[in-house]
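> structure for the following, please:
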Amino acid sequence: MTTHTRALTALDLDGVTSWFKSSYSSGSGNNCVEIADLTHTAHRVVAIRDSKNPEGPIVLIEPERFAALVEGVRGGRLAA
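Purely as a prediction, here's the structure:
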């Protein structure tokens, strides 16, 4: 697990990666989630942020846990 002594923001990752908007994000601006694959970097995680606040905080999650999260949403075990 990646441990940081302070919260990371998208600015900390500027130039490191590209962000991708979730296909489930609505056009109304209410449900906007973006992810970035950082598994090829020193962080070795998936980053998640609110696209309405791109300079705000991000969540870092291990790839295995991210895959389980996606599977849970797709399988209806977790609310989208």
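> partner strands of the helix or strand containing A47, parallel or antiparallel?
Assigned by DSSP states H and E, A47 belongs to strand 46-50. Here strand 46-50 is paired, per DSSP bridges, with strand 33-37 (antiparallel), strand 58-61 (antiparallel).
> quick one: those as CSV, columns for mean neighbour count too.
C-beta coordinates here come from the backbone N, C-alpha and C atoms, glycine included. Output for those, formatted as CSV (neighbours: other C-beta atoms under 10 Å):
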stretch, mean neighbour count
strand 33-37, 18
strand 58-61, 19
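> A47 and E71, how far apart?
Distance of A47 to E71, given as C-beta to C-beta, to the nearest Å: 19 Å.
> contacts for the strand holding A47?
10, 13, 17, 19, 32-39, 56-63, 66 (C-beta atoms under 8 Å, 6 or more residues apart in numbering).
> let's see it at 6 Å
If you take C-beta atoms under 6 Å, 6 or more residues apart in numbering as the criterion, strand 46-50 is touched by A10, E34, I35, A36, L38, I58, V59, L60, I61, P63, F66.
> good, we can wrap up now.
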